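**Student:** based on what follows, work out the 3D shape:
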Amino acid sequence: MKLIFLLTALAITLSIPAIANVPTYNFNDYYQYGKEATKLAQRVKRFSVKYKYPLEYKTDMDLVETCGMLCKYSKYSHFDKYDLTTTVLKESRFNPKAFNKKDGGIGLGQLTKIKTWHKDTLFWMTKPFDKDQNIKGMIFVLEDNLRTYKQKAKAIQTYNGFHYRSIVYRNDFYRIKERLKSS
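**Tutor:** The predicted model follows:
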């Protein structure tokens, strides 16, 4: 009986994704990631102006805070800050309240298939419009895709779903990422 209990406890512990255990981004993190976040936010704004890619954030501080979260959580991921920033750019244009009526995408990362694919492992995600939880959920889905497909490009491609347009999504993703890095 004890063995079954221990195995169940171990399975529950292992099912919580590592990114969920990372402390929530707060004001103190701004001192650690503020300079990096500000530079990333400036790149995003330059990219937006140069390539006429409209953004949908409320204030500059809101953009810097989101970039700070992306910088912090990229340290706990196989995806760098530019991968995460490009995903947010493509999916929601930095609008934390984005909602896609067509497929049900929610928040910065436009998380759609939570209820069916990752229902058991994303039980900790109670507020999908919360920037912090949504970014962590987005990273979890990307990491899960990476574990499944063993290739970063395939993980990014399948983030948008499993259809013929996912190759177009991946190519567009890398084009935006290179332009963002050079902005």
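**Student:** and the pLDDT at Val44?
**Tutor:** We have a pLDDT of 96 for Val44.
**Student:** okay but it is in contact with Thr85, surely?
**Tutor:** Yes: assessed by CB atoms under 8 Å, Val44 is found in contact with Thr85 at 6.6 Å. All C-beta spots, glycine's among them, are computed from the backbone N, C-alpha and C.
**Student:** what residues are shared contacts of those two?
**Tutor:** 67, 180 (CB atoms under 8 Å, 6 or more residues apart in numbering).
**Student:** where does this protein have low pLDDT?
**Tutor:** Filtered on pLDDT under 70, the chain yields the residue ranges 1-17, 113-119, 163.
**Student:** what about the helices in it?
**Tutor:** Taking DSSP state H, the helices of the chain run over residues 2-15, 27-50, 60-74, 81-92, 131-149, 152-159, 166-182.
**Student:** right, and those helices - which one's nearest Lys102?
**Tutor:** helix 81-92 (12.9 Å; CB to CB).
**Student:** before we move on, back to that, export the helices of the chain to a markdown table and tack on mean neighbour count?
**Tutor:** Shown next, in a markdown table, are those (neighbours: other CB atoms under 10 Å):
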| stretch | mean neighbour count |
| --- | --- |
| helix 2-15 | 9 |
| helix 27-50 | 16 |
| helix 60-74 | 22 |
| helix 81-92 | 23 |
| helix 131-149 | 21 |
| helix 152-159 | 19 |
| helix 166-182 | 15 |
